[in-house]
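Asks: Just a sequence and a predicted model for now, questions to come.
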Amino acid sequence: MTQGVDSRSSQPYQPIGAYLVEAGLLTDAQVGVALADQNVTAMPFGEIVVARGWVKEQTIEFIMHRVVLPERSIQAASNGMQDCLTHRQRPAPGQIIPTQQLPKQGCLGSASGT
C-alpha cells in the first residue's frame, strides 16, 4: 500500500485518495503516483487525478461534498467535544478559580458550557 492509504490511521481524517481506493476508482499505485505529483507540483490531490484522466471532476466534487467534508465536520465536532470532556478539569470542592483562568468559551459555546 502507498503512503496515502497507510497514513490514514495517523491522521485525524481519512484522505480523499483512501476513499477513491475504497470505492474502486483508483488503485494504490495511482494514489502513489498522485502523491508523488503532489509533492512536486503542490497541486491538490483531486486536481491531479482529474488532470491524469483517472477520475472525473464531478466525481471528486461529489465525494468531497457528500462524503469527505461531512465526515471531517463530524470528526472535528467529535474531537472538540472529546477534548472538552477529557482535558478540562473540574475544580476541587471549594476551590476558587481566578476569572482570568476561566475559559472564554465553553464546550457548547458559553463560558459555563451550557
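Replies: Thanks, I have it.
Asks: Spatially nearest residue to Tyr13, not counting backbone neighbours?
Replies: Nearest non-adjacent residue to Tyr13, counting by C-beta to C-beta, 6 or more residues apart in numbering: Arg72, 4.9 Å away. In short, each C-beta sits where N, CA and C put it, glycine included.
Asks: Which element, helix or strand, includes the one you found?
Replies: helix 69-87 (DSSP states H and E).
Asks: any chance you could map the strands in this protein?
Replies: Per DSSP state E, the chain carries no strands over any range.
Asks: where does the protein dip in pLDDT?
Replies: The model of the chain has pLDDT under 70 over residues 1-12, 79-114.
Asks: Now do the buried residues in stretch 22-40.
Replies: 25-26, 28, 30-35, 37-38 (16 or more other C-beta atoms under 10 Å).
Asks: try stretch 37-50
Replies: Using 16+ other C-beta under 10 Å as the test for burial, stretch 37-50 gives 37-38, 45-46, 48-50.
Asks: now, among these, which is nearest to Leu20?
Replies: Val49 (7.2 Å; C-beta to C-beta).
Asks: Now do that closest one against Val55, distance only.
Replies: Counting by C-beta to C-beta, to the nearest Å, the gap from Val49 to Val55 is 5 Å.
Asks: What of Val67?
Replies: Val67 is 14 Å from Val55, by C-beta to C-beta.
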